[in-house]
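Q: What follows is a predicted structure for the sequence shown.
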Amino acid sequence: MTGMSVRPYWELRFDADGDVDTRQRDRLLEQAAQQELTDLVVFSHGWNNTRTMATRLYDRFFAPFPGLLGEAGPARPGYVGVVWPSMRFADESLGGLPRERAPGAPPGLDADTHRALDAVFPGRQQIVARLAELLAERPERLAALDEFAVLVRGLVRVRGMSGGAGDAADTDAEPDEDGVPAMFGQDVTEVCERFAAALTEARGKTDAEDRAGFDSGLGGLWDGAHELLRQGTYYVMKRRAGTVGREGLGPVLGALAALRPAPRLHLVGHSFGGRLVSFALTGMAEGATVASMTLLQGAFSHYAFAGRLPHADRGGVLHDAPRRVGGPLVCCHSRHDTALGLLYPVASRVSWDDASLLPGDIRWGALGYDGVQAVEGCPRLELAEALDGPFPDGGCVSVDVSEVVRHGVPPAGAHSDICHEELARVVLRAGRIGAG
């Protein structure tokens with residue numbers, strides 16, 4: 001592909017059911033075998049709206065690799081960018097770049113987010129239009145909030161869509177019989193209050209100019225309602241990431257592992273893309289493995305890889321996945337990621353009965369905020385240690401990257417601030433790419 005910072009580069013596109021573009025897959029398999037690559041880095045984006053955004057992210061993230069590896073080094077790497085149908089709300093920063101917000105913009109859904117919702121939820125344009133209308137008008141009637149909740153439930157209902165109902169549950173209770181988390185059926189006032197409080201806390205961590213444009217008082221409930229809609233789309237994307245990984249990318253990785261000679265495979269995933277590449281491990285042929293996996297701000301449970309949950313007699317949904325990684329499974333996390341540090345736990349908690357929660361209970365945390373939890377022998381490294389000290393040669397590893405993953409605005413914070421040379425070096429060290 002022209003214009004990319006690295007070569008050879010291939011793209012793999014998948015639809016919502018995990019079906020791959022077969023021409024792209026066959027081209028990758030044929031050319032990877034012909035070029036006798038030593039290593040192949042496969043990167044999956046998280047939330048974004050377009051293929052252009054995905055390739056822009058890959059171009060920026062991969063840019064340091066040639067310089068770090070050197071032209072005369074022993075590695076002959078190739079690069080793959082996974083493109084799958086996901087979305088982000090346009091008020092979120094992307095790749096650490098500031099969001100574009102028009103001065104004095106009215107409340108409600110911006111045009112880009114409205115169009116993205118129409119595309120992600122085909123056939124439900126009327127629901128999206130009414131949701132946008134309510135967010136713009138912000139009626140001072142609780143009945144309007146009730147209507148909003150019913151509409152969001154209708155939007156995210158996933159019966160007949162890709163994957164089974166349990167695909168989105170990483171550790172705990174399953175969705176209801178329609179495949180919809182309980183948060184969309186609970187008392188909407190309470191749910192919106194919780195989201196509004198989390199948004200207020202997130203805004204409290206930023207400069208005053210970033211807090212401009214947010215409502216307070218009764219209008220804060222509509223801020224919470226806006227977040228409820230955002231979390232609804234995230235739920236569908238989270239399910240989809242698991243499906244695309246297991247049904248789509250996993251078989252392609254298995255085919256790559258069967259090449260002779262076969263390149264060493266290194267998986268990289270950002271946000272829900274981390275869930276996608278993790279589930280890809282479960283879709284590989286028995287006996288196939290990858291050399292390393294690096295999760296950047298992984299947007300799924302920090303207990304997903306646990307053999308046994310601290311609060312239940314079962315393991316995380318991916319407890320068996322690390323055995324498919326020959327080298328380290330690295331989880332990069334940052335305390336500046338407010339999407340995962342504040343909003344993810346609220347969304348997880350209000351989805352299920354939290355009456356038994358104790359103060360300080362962290363069962364609802366995300367990998368990208370505080371790293372891998374409840375996995376025995378998982379070292380926790382500071383970024384400097386990961387870059388300059390001895391790197392573990394296997395098992396789960398948590399790396400605190402707060403030093404560089406720190407810029408962004410509410411509500412996502414630094415969630416997408418991942419294009420740094422230091423993170424590229426973590427991927428190379430984890431995979432021992434170019435180490436000779």
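A: Good, I have the coordinates. Numbering: from 1, shown residues only.

Q: got a pLDDT number for residue 64?
A: Looking at residue 64, its pLDDT stands at 97.

Q: got it, and residue 292?
A: 98.

Q: residue contacts, it?
A: Residue 292 makes contact with 266-267, 325-330, 427, 430-432 under the criterion C-beta atoms under 8 Å, 6 or more residues apart in numbering. Where C-beta positions appear, they are placed from N, C-alpha and C, glycine not excepted.

Q: Let's see that with 10 Å instead.
A: Contacts here follow C-beta atoms under 10 Å, 6 or more residues apart in numbering; on that basis residue 292 touches 39, 41, 264-268, 325-330, 393-394, 427-433.

Q: Just the buried subset of those, please.
A: Buried members of the contacts of residue 292, scored by 16 or more other C-beta atoms under 10 Å, are 39, 41, 264-268, 325, 327-330, 427-433.

Q: Identify those among those that sit within strands.
A: Within the buried ones among the contacts of residue 292, residues falling in strands by DSSP state E are 39, 41, 264-268, 328-330.

Q: Return the member of those residues nearest to residue 117.
A: Closest to residue 117 out of these is residue 268 (27.8 Å), distances taken as C-beta to C-beta.

Q: circling back to that earlier point, taking the ones in strands among the buried ones among the contacts of residue 292 together, which two end up most distant?
A: Spanning the widest gap among these are 39 and 329, at 16.8 Å by C-beta to C-beta.

Q: other SSEs contacting the one helix or strand residue 78 maps to?
A: Here residue 78, judged by DSSP states H and E, is contained in strand 77-83. Contact partners of strand 77-83 among helices and strands, from 3 or more C-beta pairs under 10 Å, 6 or more residues apart in numbering; DSSP states H and E: strand 9-13, helix 22-35, strand 39-44, helix 51-62, helix 65-69, helix 250-257, strand 264-270, helix 272-282.

Q: Figure out which of the ones you listed is closest to residue 149.
A: Ranking the helices and strands packed on strand 77-83 by proximity to residue 149 (C-beta to C-beta) places helix 272-282 first, at 23.6 Å.

Q: From the chain's centroid, how far away is that closest one?
A: When distances are taken as C-alpha atoms, centre = their mean, to the nearest Å, helix 272-282 is centred 9 Å away from the chain's centroid.

Q: Helix or strand next in line after the helix or strand of the chain with the lowest mean pLDDT, which one?
A: One helix or strand of the chain scores below all others by mean pLDDT, DSSP states H and E: helix 208-211, with a mean of 40. Later in the chain than helix 208-211, the nearest helix or strand by DSSP H and E is helix 219-243.

Q: now the angle from that following helix to helix 272-282?
A: Inter-element angle recorded for helix 219-243 and helix 272-282: 30 degrees (by axes from the mean of the first three to the mean of the last three C-alpha atoms, to 10 degrees).

Q: Tell me how far helix 219-243 lies from the chain's centre.
A: Relative to the centre of its chain, helix 219-243 is centred 13 Å away, using C-alpha atoms, centre = their mean.

Q: Show the average pLDDT along that helix.
A: For helix 219-243, mean pLDDT is 88.

Q: and that helix, what other elements does it pack with?
A: Counting by 3+ C-beta pairs under 10 Å, 6+ apart, helix 219-243 packs on helix 111-120, helix 125-137, helix 142-156, helix 188-203, helix 272-282, helix 344-351.

Q: and the angle from that helix to strand 39-44?
A: Angle of helix 219-243 versus strand 39-44, following the same axes, to 10 degrees, is 140 degrees.

Q: tell me the angle helix 219-243 makes with helix 125-137.
A: Helix 219-243 runs at 150 degrees relative to helix 125-137, counting by the same axes, to 10 degrees.

Q: before we move on, the earlier item: what pairs with the strand holding residue 78, parallel or antiparallel?
A: Looking at strand 77-83 with DSSP bridges, its partner strands are strand 9-13 (parallel), strand 39-44 (parallel).
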